[in-house]
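Undergrad: When you get a sec, could you give me coordinates for this:
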Amino acid sequence: MAGPQKNNLSLTNPVVLFAPLDWGLGHTTRCIPLIHYFLSLGCQVVAAVDEKQQAILEKEFTNLKFVSLKGYRLAYGRSGWQTLAKIILQVPRIVATIYQENRWLKKFVQSTPVHAVISDNRYGLFSKKLPCIFVTHQLAIQTPFGAPARWLVQKINYRFIQQFGACWVPDYKENANLAGKLSHPRQMPSVPVSYIGRLSRIAEPLPAGNPGSLLIVLSGPEPQRSIFEEIVFSQLDRLQVPAVLVRGLPKAENAPPLLSKYVVVHNYLSAPELAAEISRAETIVSRSGYSTVMDITGRGKKCIFVPTPGQPEQIYLADYLQQKQLCICFRQNHFSLEKALQLAKTGAFAPMDGLSSYIYKEELETFVSKLKKANGPIAGSVHSSVK
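TA: Below you'll find the model as predicted:
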């Protein structure tokens, strides 16, 4: 973290600390609409992030303060089972990181004015001294090890969630939801839970797209992102179909590779640029990460999801959404772009009409109103490590 220095945080407008998880880009990108609305309500936002996350947010905002907070930095394998084994072996380090980030928060609020904390799946960022909100769509975390393991993981999950003042779930409370049993478990945590709807950087409604237009969005942790990229590159080269491909590399300095005259490749696109490509596309190939699901599922696009091997959540989401006729699902080791495009051409994709992307605004308005009415002393002073 940077050394202490003065900042221009005001003592009159609420200061909100955002801390998204660093497992892939999705936790960071889905915070973008929340940050925008907090800013529109007159709040000041400090983002506690690592270098990759800061690179994403700097492309979207000019008025954020940043503070360095080390991520979990999990190592993934080259197959699904290797990834699961590696994650299990890293559990002690994950737990240690949770307690380290809790100590970091206690120290941080002593030197920095903070009214509230919004933690997207960072379990250690809770405090009894100020309102702390936990954001997650995974109330019931999936594992491949059967019901007893799922029960144990949920107990541990709730133990941490219940340290927070409330939980915001980016999904719909109704049956027409996006995350299925992930966000609608039989037993809820004991803290207040609010369903705040789809969190998307993409405005509604989306047009149907240009006939035949294909968008491929790569994302997720290494080495799986690169493995899938190699598969897609080789198949695009063979098929020679027109496509726009986004590699999901916000910090890449080298020019994107040239595949063919049919394919346009971008290392990364900002939210407005990606929204424009999504609007133009008729068919979208991507991981089934939940942020992508919120961006495009049920909004008039032909979705082809290829879950990241070793991530039970993505596998569950892809299968669940395929059952609801909201996508076509392929496993990575059996992925055929040619077959996927044929199925997308003839398949039926159900719309999800009438589900607003702006439910979260009412929740934020109420939350900020309470912060302003409280008007109590702010933790810390005007000197901090925020830059």
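
Undergrad: Domain-wise, how is the protein divided?
TA: Domain assignment for the chain by automatic domain parsing gives 5-199+358-384, 214-346.

Undergrad: Does anything pack onto the helix or strand hosting residue 27? Which helices or strands?
TA: With the criterion set as DSSP states H and E, the secondary-structure element containing residue 27 is helix 26-29. Secondary-structure packing of helix 26-29 (3 or more C-beta pairs under 8 Å, 6 or more residues apart in numbering; DSSP states H and E): helix 51-58, helix 290-296. To be clear about C-beta, it is placed using only N, CA and C from the backbone, and glycine gets the same treatment.

Undergrad: 10 Å instead, please
TA: Packed against helix 26-29, as judged by 3 or more C-beta pairs under 10 Å, 6 or more residues apart in numbering; DSSP states H and E, are the following elements: strand 15-20, helix 51-58, strand 116-120, helix 290-296.

Undergrad: What strands line up against the shortest one, and which way round?
TA: Using DSSP bridges, the neighbouring strands of strand 116-120 in the sheet come out as strand 15-20 (parallel), strand 132-135 (parallel).

Undergrad: doesn't residue 27 make contact with residue 122?
TA: Yes. Proximity of residue 122 to residue 27 meets the contact threshold set by C-beta atoms under 10 Å, at 8.6 Å.

Undergrad: Which residues are in contact with each of these two?
TA: Overlap between the contact sets of residue 122 and residue 27, as judged by C-beta atoms under 10 Å, 6 or more residues apart in numbering, is given by 19, 20, 21, 71, 135.

Undergrad: Could I get the domains of the chain in JSON lines, plus columns for distance to residue 207?
TA: As requested, these are exported to JSON lines (distance: least, C-beta to C-beta, whole Å):
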{"stretch": "domain 5-199+358-384", "distance to residue 207": "18"}
{"stretch": "domain 214-346", "distance to residue 207": "5"}
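
Undergrad: if we can go back for a sec, quick one: which of residue 122 and residue 27 has more around it?
TA: Relative neighbour count places residue 122 above the other of residue 122 and residue 27, with 27 against 22, counting by other C-beta atoms under 10 Å.

Undergrad: Quick check: phi and psi at the more buried one.
TA: In terms of degrees, to the nearest 10, the main-chain angles of residue 122 are phi -100, psi 110.

Undergrad: what's near enough to touch it?
TA: Taking C-beta under 10 Å, 6+ apart as the contact definition, residue 122 lies against 18-22, 27, 48, 69, 71-72, 97-98, 101-102, 105, 134-135, 160.

Undergrad: go on, residue 245?
TA: Residue 245 is in contact with 214-218, 229, 232-233, 236, 256-257, 259, 263-266, 277, 285, counting by C-beta under 10 Å, 6+ apart.

Undergrad: Okay, and which of the residues you listed map to helices?
TA: In helices, defined here by DSSP state H, the members of the contacts of residue 245 are 229, 232, 233, 236, 277.

Undergrad: tell me, how many neighbours does the fourth one end up with?
TA: If I follow you right, that is residue 236. Residue 236 is flanked by 21 other residues according to other C-beta under 10 Å.

Undergrad: That one and residue 243 touch, don't they?
TA: Yes. Taking contacts as C-beta under 10 Å, residue 236 lies within contact range of residue 243: 6.2 Å.

Undergrad: what is in contact with these two at once?
TA: Shared contacts of residue 236 and residue 243 (C-beta under 10 Å, 6+ apart): 214, 216, 259, 260, 262, 263, 265, 337.

Undergrad: Which pair of the ones in helices among the contacts of residue 245 spans the longest distance?
TA: Taking every pair in those and measuring C-beta to C-beta, the maximum separation is 18.2 Å, between 233 and 277.

Undergrad: Flag the shaky bits of the stretch 101-250 of the chain, pLDDT-wise.
TA: Counting by pLDDT under 70, the ranges of the stretch 101-250 of the chain that qualify are 204.

Undergrad: if we go to 50?
TA: Screening the stretch 101-250 of the chain residue by residue with the criterion pLDDT under 50, one finds no matching range.

Undergrad: which stretches of it form helices?
TA: 147-161, 224-239 (DSSP state H, counting those that start in this stretch).

Undergrad: Export those as JSON lines, with columns for distance to residue 364.
TA: Converted to JSON lines, the helices of the stretch 101-250 of the chain look like this (distance: least, C-beta to C-beta, whole Å):
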{"stretch": "helix 147-161", "distance to residue 364": "20"}
{"stretch": "helix 224-239", "distance to residue 364": "32"}
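
Undergrad: Pick the most buried one from the ones you listed.
TA: A comparison of these by mean neighbour count, using mean count of other C-beta atoms under 10 Å, puts helix 224-239 on top with a mean of 17.

Undergrad: Could you report the neighbour count for the residue lying closest to residue 298 once chain neighbours are set aside?
TA: Counting by C-beta to C-beta, 6 or more residues apart in numbering, residue 298 lies nearest to residue 352, which is 3.0 Å off, once chain neighbours are set aside. For residue 352, the number of neighbouring residues by other C-beta under 10 Å comes to 16.

Undergrad: is it true that residue 352 touches residue 293?
TA: No. Applying C-beta under 10 Å, one finds residue 352 not in contact with residue 293, separated by 11.0 Å.

Undergrad: Check the spacing between the closest residue to residue 197 other than its chain neighbours and residue 368 real quick.
TA: Excluding the flanking residues, the one nearest residue 197 by C-beta to C-beta, 6+ apart is residue 359, at 3.1 Å. Between residue 359 and residue 368 the distance is 16 Å, computed by C-beta to C-beta, to the nearest Å.
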